[in-house]
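# Everything below, folded, please.
(2 chains)
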Amino acid sequence: DVKVTQSSRYLVKRTGEKVFLECVQDMDHENMFWYRQDPGLGLRLIYFSYDVKMKEKGDIPEGYSVSREKKERFSLILESASTNQTSMYLCASSLLASGSNQPQHFGDGTRLSIL
Amino acid sequence: SQELEQSPQSLIVQEGKNLTINCTSSKTLYGLYWYKQKYGEGLIFLMMLQKGGEEKSHEKITAKLDEKKQQSSLHITASQPSHAGIYLCGADKGTSYDKVIFGPGTSLSVIP
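Okay, here's the model as predicted:
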């Protein structure tokens, strides 16, 4: 089974702090994704990566950056945390398969509170 | 841009009853995914449908993609408390890298 592991289930940080959310997958997937999930807004894509050191902006990249130095690890960085970044953050990965769609597999999520 | 709607928004059923959740797309679906999310947790992949008319089953859950590929239904037979959670549909955006747009979710409660 695919295993996507997010480093923290719950995290509390202060406004202005630099925050790192880590995600590791064990299935050699090429694609990795970061989403945030908010009531009434659903799942929104922040950034995704299709290879080491490659990244693309999603729908709401403002205030975030990402890093992918190794294939299995994808980090989300909040450069200067703000209260409107309080949310549930979900990491996902999928296999790059030529000519076919592959499902994304998700981690357990990190509930981040910015005070 | 493509949008997904789900109905109903929430559902409360008695244990043992059957139920159906619908997912409707504003555009043709090239790939449709169903996920289940327990409250406060991540999404669990259930099934993927790609061909019009396709039907797949996993335990007591059956999903179908209609012939026109703009609607999918998820049917649960003889519901159990373990089926409770939020069910989300997701659709391939038709771009590379498996980017997906998700529906708003349907919250299911099963009363013992």
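# contacts, neighbours, all on C-alpha from now
Fine.
# Would you mind measuring from whichever residue of chain A sits closest to chain B to B:A84?
When scored by C-alpha to the nearest C-alpha, chain A has A:D108 as its residue closest to chain B, at 4.0 Å. Distance, A:D108 to B:A84, by C-alpha to C-alpha, to the nearest Å: 17 Å.
# With neighbour numbers in mind, choose between those two.
A:D108 (24 against 20; other C-alpha atoms under 10 Å in any protein chain shown).
# OK, contacts around the nearest residue to the more buried one once chain neighbours are set aside?
Nearest residue to A:D108 in three dimensions, chain neighbours excluded: B:G42, at 4.0 Å (C-alpha to C-alpha, 6 or more residues apart in numbering or on different chains). Residues counted as contacts of B:G42 (C-alpha atoms under 8 Å, 6 or more residues apart in numbering or on different chains) are A:L90, A:F106, A:G107, A:D108, A:G109.
# Most neighbours among the residues you listed, which one?
The residue in those with the most neighbours, by other C-alpha under 10 Å, is A:F106 (28 neighbours).
# Does that one touch B:Y35 like I think?
No - if you go by C-alpha atoms under 8 Å, A:F106 and B:Y35 don't touch, sitting 9.9 Å apart.
# Now list whatever residues contact both of the two.
B:L43, B:I44.
# what helices or strands is the helix or strand hosting A:C91 leaning on?
Element membership of A:C91, judged by DSSP states H and E, is strand A:87-94. Here strand A:87-94 touches strand A:4-6, strand A:31-38, strand A:105-106, strand A:110-114, going by 3 or more C-alpha pairs under 8 Å, 6 or more residues apart in numbering or on different chains; DSSP states H and E.
# Okay, and the beta partners of the nearest residue to A:E22 once chain neighbours are set aside?
In this structure, A:E22 finds its nearest non-sequential neighbour in A:S75, 4.6 Å apart by C-alpha to C-alpha, 6+ apart. When bridges are called by DSSP bridges, A:S75 pairs up with A:E22, A:S67.
# what residues does chain B put near chain A?
Contacts of chain B with chain A, taken as C-alpha under 8 Å from any C-alpha of the partner chain, map to B:31, B:33, B:40-45, B:48, B:92, B:97-98, B:102-105.
# ok, 6 Å please
Where chain B comes near chain A, counting by C-alpha under 6 Å from any C-alpha of the partner chain, the residues are B:E41, B:G42, B:L43, B:P104.
# Phi and psi next, for the last one.
If I follow you right, that is B:P104. Recorded main-chain torsions at B:P104 are phi -70, psi -20, according to degrees, to the nearest 10.
# Contacts only, for it.
Shown in contact with B:P104 (C-alpha atoms under 6 Å, 6 or more residues apart in numbering or on different chains): A:G42.
# Pull up the gap between it and A:L41, please.
For B:P104 relative to A:L41 (C-alpha to C-alpha), the value is 7 Å.
# for the second one, same thing?
With distances defined as C-alpha to C-alpha, the gap from B:G42 to A:L41 amounts to 16 Å.
# now do the first one
Per C-alpha to C-alpha, B:E41 is found 17 Å from A:L41.
# When those two are compared, which one has more neighbours?
B:E41 (18 against 10).
# Give me the nearest residue to the more buried one, chain neighbours excluded.
Using C-alpha to C-alpha, 6+ apart, the nearest residue to B:E41 is A:D108, at 5.1 Å.
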